[in-house]
Each structure stands twice: as structure tokens, then as C-alpha cells.
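Student: Mind looking at a prediction? Sequence and model below.
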Amino acid sequence: MQTTDDTQNGVRVNGNGNRGRVTALGPDICFQLNDKVSFSLKGQFEFGARNRPEGNRLWAMARISF
């Protein structure tokens with residue numbers, strides 16, 4: 001959720017600050033290979049967008065400790 005108003009030349013945009021918000025839900029799967037290596041796959045599916053685009057995200061991450 002956007003916490004501040006959008007402004008242009010010191011004036012709020014659209015009279016209400018054009019604040020954007022969206023809600024997202026999705027799964028998160030994590031696999032721990034050993035003490036130093038793990039993998040994660042996350043998905044987010046957005047809905048209920050207001051004053052902003054709506055979309056989906058997919059992340060693949062690897063963590064390696066040294």
C-alpha cells in the first residue's frame with residue numbers, strides 16, 4: 001500500500017494523491033539441501049488493484065552461505 005500522496009509541483013495528483021494499493025497471495029516452497037545451500041520458489045498473484053497495474057510474480061532464489 002502506498003503511504004504518501006503523489007505530488008506534482010507541490011500539489012496532490014488527481015486531488016486525492018492517486019494512492020495505489022494491491023493485494024497479493026501465493027505459495028512459497030523452500031528446499032534445504034544442507035547447512036549452507038537452500039533453494040526457494042515463490043509465486044504472488046495480485047488482485048484488487050487500485051490506481052496501479054495488476055500482475056503476477058514468480059521468484060526463484062538460491063542461498064549459499066560461506
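Tutor: Great, that's in hand. These numbers come from a predicted model, not from an experiment. Numbers count the residues shown, from 1 in each chain.
Student: Counting by contacts, list what the helix or strand harbouring F39 packs against.
Tutor: Per DSSP states H and E: F39 is located in strand 37-50. Using 3 or more CB pairs under 8 Å, 6 or more residues apart in numbering; DSSP states H and E, the elements in contact with strand 37-50 are strand 21-25, strand 28-32, strand 56-64. C-beta: built from backbone N, CA, C; applies to glycine.
Student: Given it, what are its sheet partners and their directions?
Tutor: Here strand 37-50 has these sheet partners by DSSP bridges: strand 21-25 (antiparallel), strand 28-32 (antiparallel), strand 56-64 (antiparallel).
Student: what's next to that strand, contact-wise?
Tutor: 19-33, 54-65 (CB atoms under 8 Å, 6 or more residues apart in numbering).
Student: And that strand, what's buried?
Tutor: 44, 46 (16 or more other CB atoms under 10 Å).
Student: export it as PDB, just CAs?
Tutor: Listed next in PDB are the C-alpha coordinates belonging to strand 37-50 (Å, rounded to 0.1, in the frame of the first residue of the first chain):
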ATOM      1  CA  VAL A  37      22.700 -24.300   0.500                       C
ATOM      2  CA  SER A  38      18.900 -23.700   0.100                       C
ATOM      3  CA  PHE A  39      16.500 -23.100  -2.800                       C
ATOM      4  CA  SER A  40      13.200 -21.200  -2.800                       C
ATOM      5  CA  LEU A  41      10.400 -20.700  -5.300                       C
ATOM      6  CA  LYS A  42       7.800 -18.100  -4.600                       C
ATOM      7  CA  GLY A  43       4.700 -17.000  -6.600                       C
ATOM      8  CA  GLN A  44       2.400 -14.000  -6.000                       C
ATOM      9  CA  PHE A  45      -0.900 -13.400  -7.700                       C
ATOM     10  CA  GLU A  46      -2.200  -9.800  -7.400                       C
ATOM     11  CA  PHE A  47      -5.900  -8.800  -7.200                       C
ATOM     12  CA  GLY A  48      -7.900  -5.800  -6.100                       C
ATOM     13  CA  ALA A  49      -5.500  -3.200  -7.600                       C
ATOM     14  CA  ARG A  50      -6.400   0.400  -7.300                       C
END
